[in-house]
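In: Got a predicted structure plus its sequence, pasted below:
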Amino acid sequence: MSYNKRIKKKGLLVKKLLTLIFFLMSSLIADLDKSQVLCHIVLDKDNGHYVEGGAWDSSVLEGKITMMMYVDPDEKYKGKVIKPIIEGFENDLDFSDFQILVILNLKATWKPNALIESLLKSKMQAYPKRIYVIDKESILVKKWGLLDDEYNLVLINDKVKPVYQHHGQWEDSQIRELDTQTRLLIQKFYEQ
């Protein structure tokens with residue numbers, strides 16, 4: 001092998017190693033403290049709102065089990081694999097005690113906000129049990145430590161503590177764990 005090819009090969013190896021280190025570090029940083037209640041947040045005016053209008057206040061998480069997806073619109077494809085699980089929850093679960101919250105991180109995307117908001121209005125008609133919120137300034141990244149430019153899913157108990165978190169691509173075992181964790185959390189909620 002020529003000297004130039006060896007140098008290129010080493011360069012590619014170093015690049016792959018640095019990429020792996022970056023992803024490992026970012027996954028360590030992004031884990032929420034599951035022993036702490038999530039701090040209070042209000043999205044209103046210039047920093048965000050419900051898609052249909054009005055301020056979103058995180059106090060709506062109190063007293064309900066919440067499955068929250070915090071999504072960079074450019075990464076939404078990562079959630080397609082869990083769509084059947086979410087639709088199963090919409091069919092099976094009592095939404096007086098459970099809610100599905102989808103918050104879009106608009107600061108993380110290059111796509112026009114007006115386009116995303118109009119697409120969300122059609123999603124609201126297709127999935128009326130889901131609550132849609134806009135975060136225009138990555139507030140949940142800053143305040144709760146969620147990953148920017150990513151698909152985050154957080155399962156939050158009725159005391160507003162995160163009990164399960166995932167970001168990125170899904171494997172089959174993680175999808176089964178999400179289903180199990182969600183149903184166990186709801187069962188514990190009813191046993192209180």
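Out: Looks like it came in fine.
In: quick one: average confidence on the strand or helix carrying residue 103?
Out: Using DSSP states H and E, residue 103 maps to strand 98-105. On average, the pLDDT along strand 98-105 is 97.
In: Which residues outside stretch 92-104 are in contact with it?
Out: Outside stretch 92-104, the residues that touch it by C-beta atoms under 8 Å, 6 or more residues apart in numbering are 56, 60-61, 64-73, 86, 89-90, 116, 120, 129-135, 140, 158, 186, 189-190. C-beta: built from backbone N, CA, C; applies to glycine.
In: Endpoint to endpoint, it covers what distance?
Out: End-to-end span of stretch 92-104 (C-alpha to C-alpha, to the nearest Å): 25 Å.
In: How about stretch 163-178?
Out: First residue to last in stretch 163-178 (C-alpha to C-alpha) measures 11 Å.
In: In this protein, mark out all the helices, start to finish.
Out: Per DSSP state H, the chain carries helices over the ranges 3-29, 83-92, 113-126, 139-144, 172-191.
In: least reliable of those helices going by mean pLDDT?
Out: helix 3-29 (a mean of 52).
In: hang on, residue 31 packs against residue 165?
Out: Yes - proximity of residue 31 to residue 165 meets the contact threshold set by C-beta atoms under 8 Å, at 6.4 Å.
In: quick one, which of these two is more surrounded?
Out: residue 165 (17 against 12; other C-beta atoms under 10 Å).
In: Quick check: the gap between that one and residue 176.
Out: For residue 165, the distance to residue 176 equals 16 Å [C-beta to C-beta, to the nearest Å].
In: same deal with residue 108?
Out: 28 Å.
In: These two - which one has more neighbours?
Out: residue 108 (20 against 11).
In: Roughly how far does the more buried one sit from residue 148?
Out: Residue 108 is 5 Å from residue 148, by C-beta to C-beta.
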